[in-house]
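Novice: got a predicted structure here, sequence first:
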Amino acid sequence: MPQHLLLIEDDESLHRGIAFTLQQEGFDVTGAYSLAEAERAVANRSYDLIVLDVQLPDGSGFDFCAQLRRSSDTPVVFLTASDTEIDVVRGLDIGGDDYITKPFRLREFLSRIHAVLRRRTAGKPQEEETSLQAGDLTLLPGEMRLLKQDREIALSITEFRLLFLLMSHPRAVLSKDQILQHLWQNGGDYIDDNTVAVNIRRLREKIEDRPEDPQRIVTVRGAGYRWNA
C-alpha cells in the first residue's frame, strides 16, 4: 500500500514539481493550496506525512501545525524560503519534524522525507515492548505512549524516540552526535545539531515539574545529555 502524503503549497509550479517527484517515488499525494483546503483534507482522512509551506495565502503554516498537534502526531515537514535560526527553532518548537528551506535539491528533499517516514514506521518494531519506568514516568514503547502519574503526555515521534534513547541509557552521557545518529540515521547529514537542543527543551517542558531547573534530562557541560530519573 502506498503511503499517503498531504502537500500544502500555494506556488502552483513548485506544487506540481514536488507532487510529481513524490508520485514517482510511489507516494499517494493529496494537494492543498491554502489552509482552508488543508483543514478540509485532514478532516476527511489521515496521512502518513504532511509537507507544509510556512507562508500561505490565508495564514501561517506554523499556526496550522500548532493546531494539528492538539489532536495528531502526524509528521510535519516544513517548506519555507526563510532559513533564519528563529524560524527554524519556531518550526521545531511547535512540533515540526523537519524544516527544509527553498530552494532545495530534490535528492535532499526525498532523503529527508524518507528519513522522517522511517522514524515513524520503525518506531514501534525497533523499540522493545517492555515499559520503561522512571519515577512517576512510564514509557510504553509498543504503544508509543508516555504516562506521568497515569496522565498521558502527547509526544511527537522525534520526542518519543529521544526519550526512549535517554531512558534506555540511564546515567550514560550521550553526545549530540550520538543522539543525531539514533534519531535521524541516514538523514542526519542535513540536520543541524541545534535540533537536538530544541527537542531536549520541548521534552523538559513536558516531563519536568520545574523545566527551568531540570532533574531528569541533565546537560553535561562539554559532553552531551544524561538521563537522571
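Specialist: Structure's in. What do you need?

Novice: nearest residue to the spatially most central residue of the chain in space, please, no chain neighbours.
Specialist: Closest residue to the average C-alpha location of the chain: D97 at 2.4 Å, with Cα atoms, centre = their mean. Counting by Cβ to Cβ, 6 or more residues apart in numbering, P75 is the residue found nearest to D97 once chain neighbours are left out, at 4.4 Å. (C-beta placed from N, C-alpha, C; glycine too.)

Novice: that neighbour contacts I50, doesn't it?
Specialist: Yes. The criterion here is Cβ atoms under 8 Å, and P75 meets it with I50 at 7.0 Å.

Novice: check what pLDDT P125 gets.
Specialist: For P125, the pLDDT comes out at 39.

Novice: separation between L137 and E159?
Specialist: L137 sits 13 Å away from E159, going by Cβ to Cβ, to the nearest Å.

Novice: which of these two has more neighbours?
Specialist: E159 (22 against 17; other Cβ atoms under 10 Å).

Novice: for the more buried one, list the residues it contacts.
Specialist: Contacts of E159 were listed using Cβ atoms under 8 Å, 6 or more residues apart in numbering, and they are 199, 202-203, 206.

Novice: list phi and psi for it.
Specialist: Phi and psi for E159, reported as degrees, to the nearest 10, are phi -60, psi -40.

Novice: quick one: it and L203, what's the gap?
Specialist: Distance of E159 to L203, given as Cβ to Cβ: 6 Å.

Novice: again, but for S46
Specialist: 25 Å.

Novice: got CSV for the contacts of E159, with secondary structure too?
Specialist: As requested, the contacts of E159 are exported to CSV (DSSP: H, G, I helix; E, B strand; the rest coil):
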residue, secondary structure
N199, helix
R202, helix
L203, helix
K206, helix
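
Novice: nearest to V42 among those residues?
Specialist: Using Cβ to Cβ, the shortest approach to V42 within the contacts of E159 belongs to R202, at 22.2 Å.

Novice: these two touch, right, that closest one and D93?
Specialist: Yes. With contact defined as Cβ under 8 Å, R202 counts as touching D93 (6.6 Å).

Novice: in terms of neighbours, single out the busier of those two.
Specialist: R202 (20 against 15).

Novice: leaving out chain neighbours, which residue sits closest to the more buried one?
Specialist: In this structure, R202 finds its nearest non-sequential neighbour in E159, 6.2 Å apart by Cβ to Cβ, 6+ apart.

Novice: got a pLDDT number for V29?
Specialist: pLDDT at V29 comes out at 96.
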